[in-house]
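*Asks:* Any chance you could fold what I've pasted below:
(one chain, ligands or ions: 1)
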Amino acid sequence: MRKYTLLLALLVGGCAEWTELEDVSCPPEGTDLTWENFARGFMIAHCNSCHSVDTPDRQGAPRAYVFDTYEQAHALRERIFIRSAADNVTMPPGPDDPPLEERDMLAEWIACGAPAD
Ligand code: HEC
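*Replies:* Now for the predicted structure:
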C-alpha cells in the first residue's frame, strides 16, 4: 500500500481551529492522486448527494458550491480543503464521514495543486 507522507506542519503558534492549506505540504516526490483517479470519486461518494447540481435534495448545500466537474472542484479547492481535508471534518455534516485516510489523500491532492489527471 502506498504511504501518504503528509507533512502536517502543525503550526508553530499552536492550536488553530482547523488545518489550513498552507499548513500541509505536497510530498517531495509529488502525488499520484488526480481528479480522475481519486477526487472525482471522493466527491461523488461523500459530497455530491447534497452538492451536485443534479441532486434531488441539497439539504441546504449552497447552490454556488457544486463539485461535479474538475473545473468546479479546482476553483473551490481551498474551501473544500478547509471543510473536509486532513483533520478538517465539518463536511460532510452527517454521520457518514469518509475514512481519515481519504481525508489525508484529499489534503495531499489539493496541496499538490489538485491535478486533473
Ligand atoms: C448532507 C448534505 C451535505 C453533504 C454530504 C456535504 N455537504 Fe457541504 N454543505 C452542506 C450544507 C447544508 C452547507 C451549508 C452550511 C455550511 O456551510 O455548513 C454546505 C456547505 C459547504 C461548503 C460552503 C461553505 C464553505 O465553508 O465554504 C463547502 C465548501 C462544502 N459544503 C464542502 C463539502 C464537501 C467537500 C463535502 C464532501 C466531503 C460536502 N460538503 C458534503 C451540506 C452537505
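
*Asks:* hey, where'd the strands end up in the chain?
*Replies:* 7-8, 24-25 (DSSP state E).

*Asks:* between those, which gets the lowest average pLDDT?
*Replies:* Among those, strand 7-8 has the lowest mean pLDDT, at a mean of 48.

*Asks:* Can you pull up the residues of the protein that come close to the ligand?
*Replies:* Within the chain, the positions lying close to the ligand (CB under 6 Å from any ligand atom) are 46-47, 49-51, 59-62, 65, 76, 79-80, 83-84, 91-94. Bear in mind the C-beta positions are built from the backbone N, C-alpha and C, glycine included.

*Asks:* Keep only those of the residues you listed that are in helices.
*Replies:* If you go by DSSP state H, the residues of the chain next to the ligand have 46, 49-51, 79-80, 83-84 in helices.

*Asks:* before we move on, the earlier item: quick one: buried ones out of the residues of the chain next to the ligand?
*Replies:* 46-47, 49-51, 61, 65, 76, 80, 83-84, 91-92 (16 or more other CB atoms under 10 Å).

*Asks:* Per-residue confidence, the closest residue in space to residue 85 that isn't next to it in sequence, what does it come out as?
*Replies:* Of all residues not flanking residue 85 in the chain, residue 107 sits nearest, at 3.9 Å (CB to CB, 6 or more residues apart in numbering). Here, the pLDDT recorded for residue 107 equals 98.

*Asks:* Let me know the pLDDT of residue 17.
*Replies:* 81.

*Asks:* Just give the number of residues close to it.
*Replies:* 6 (other CB atoms under 10 Å).

*Asks:* Return the helix or strand in this protein with minimum mean pLDDT.
*Replies:* strand 7-8 (a mean of 48; mean pLDDT, DSSP states H and E).

*Asks:* what residues does the longest helix seen in the chain touch?
*Replies:* In terms of residue count, the longest helix belonging to the chain (DSSP H) is helix 100-111. For helix 100-111, the external contacting residues (CB atoms under 8 Å, 6 or more residues apart in numbering) are 4, 6, 19, 21, 24-27, 31, 33-35, 38-39, 42, 46, 77-78, 80-81, 84-89, 98, 115.
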